[in-house]
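Enquirer: the following block contains a protein sequence and its predicted model.
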Amino acid sequence: MTIDEELSLLDSHMRRLKIEYEIYFNNPTKKPPTDIEWKVLTLLRKFSDGGRMNFSQRYRYNELAQRYAIYSDLWRKKARIREEGYRRPQDALLSIQGVRPEEHEQTHKVYGVGNNTATAAEERPFSIRCSDPHAERDQVERLYNVLTESKKRTGEAVTGNFDSFNTFVQKKTEQLRKQHGCHSVEYTVELQDGKVKLKAKAKV
C-alpha cells in the first residue's frame, strides 16, 4: 500500500471513529470505539517522523493529525463529564452536542510533522519536472495546489486561478526550453525568509 493510500485509509478511519464516538456518547450501553481508535493511532505514529513523505503528503498528514488532536481533546472532556455526572447545564449540552472544532486552539498536537506546512517546505521543498504542460496538466495542478496551500499557511495573498497559473507554466516552460535547449523544466515550491517562492530551473 502506498503512502497516499494509507493516508486515505487514515482519513476513512477517522471519519468512522467520529461517528462511533457520537453513537457512544448518545447511547449509555455502548462501549468506546477503542479498536478503530487504535488503528488511527497506529497510522499516526507510523508517519509521525515524516521521513518518507513528500511535501503534499506532509501537509495532508498534518491536517489529519491536527483534526485528531481536536477531536481527542473533545472526546476526553465528554468522557470525563459522562463519568463524573452532569454538574452544570452546559455539561449536559456539551456531552450531547459537542463543540465546534473552531472553538479549540490547535495546540494539543499528539502527532504531526512540525507545527506548520511552512516548516515542512523549508525542510523538503516540493518539486515537479515538466516538459509539456499541455500533456502534464495533473502535474501542474499539483504544483498549483501546493503553492496556494503554502501561501495560505504563511498568510500570503493568493492571486490568480489555476487557468492563469497553467498558462504561466506553459509559457515559462517553452521559454526556458528554447533558451537553454533543455528537455524539461523543474519547478520548486520552497520557503525562503518566511516567504513562499516558486523557482524554475532548466533540466537536461
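Expert: Ah, there it is.
Enquirer: from here on, contacts and neighbour counts on C-alpha atoms
Expert: Will do.
Enquirer: in the protein, which spans are strands?
Expert: 126-130, 184-192, 195-203 (DSSP state E).
Enquirer: mind putting the ones you listed into JSON lines with mean pLDDT, distance to Leu7 and mean neighbour count?
Expert: Below are the strands of the chain laid out as JSON lines (pLDDT from 0 to 100; distance: least, C-alpha to C-alpha, whole Å; neighbours: other C-alpha atoms under 10 Å):
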{"stretch": "strand 126-130", "mean pLDDT": "82", "distance to Leu7": "18", "mean neighbour count": "19"}
{"stretch": "strand 184-192", "mean pLDDT": "86", "distance to Leu7": "22", "mean neighbour count": "20"}
{"stretch": "strand 195-203", "mean pLDDT": "86", "distance to Leu7": "25", "mean neighbour count": "16"}
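Enquirer: the nearest residue to Ile23 once chain neighbours are set aside and Lys78, how far apart?
Expert: Spatial nearest neighbour of Ile23, chain neighbours left out: Lys30 (7.6 Å); criterion: C-alpha to C-alpha, 6 or more residues apart in numbering. The gap separating Lys30 from Lys78 is 14 Å, by C-alpha to C-alpha, to the nearest Å.
Enquirer: more crowded one of these two?
Expert: Lys78 (21 against 12; other C-alpha atoms under 10 Å).
Enquirer: now Thr148: closest residue in space that isn't a chain neighbour?
Expert: Per C-alpha to C-alpha, 6+ apart, closest to Thr148 is Val158, 6.2 Å.
Enquirer: with Tyr144 instead?
Expert: That would be Phe162: by C-alpha to C-alpha, 6+ apart, it lies 6.7 Å from Tyr144.
Enquirer: count of residues packed around the one you found?
Expert: Here the number of neighbours of Phe162 (other C-alpha under 10 Å) works out to 15.
Enquirer: now it: how far from Lys171?
Expert: Remark: distance between Phe162 and Lys171 (C-alpha to C-alpha) = 14 Å.
Enquirer: give me the mean pLDDT for stretch 143-152.
Expert: Here stretch 143-152 scores 82 as its mean pLDDT.
Enquirer: for that stretch, buried residues please.
Expert: Using 16 or more other C-alpha atoms under 10 Å as the test for burial, stretch 143-152 gives Leu143, Tyr144, Val146, Leu147, Thr148, Glu149, Ser150, Lys151.
Enquirer: show me what it is in contact with.
Expert: Stretch 143-152 has contacts (C-alpha atoms under 8 Å, 6 or more residues apart in numbering) with 55-56, 117-118, 126-128, 157-158, 162, 165, 187, 189, 195-196, 198.
Enquirer: taking these together, which two end up most distant?
Expert: Ile128 and Ala157 (22.8 Å; C-alpha to C-alpha).
Enquirer: ranges for the helices of the chain?
Expert: Secondary structure of the chain (DSSP state H): helices at 3-26, 34-46, 55-84, 89-97, 117-123, 137-154, 162-180.
Enquirer: of the ones you listed, which is nearest Ala202?
Expert: Ala202 sits nearest to helix 162-180 of all these, at 6.3 Å, using C-alpha to C-alpha.
Enquirer: quick check: angle from that closest one to strand 184-192?
Expert: 120 degrees (axes from the mean of the first three to the mean of the last three C-alpha atoms, to 10 degrees).
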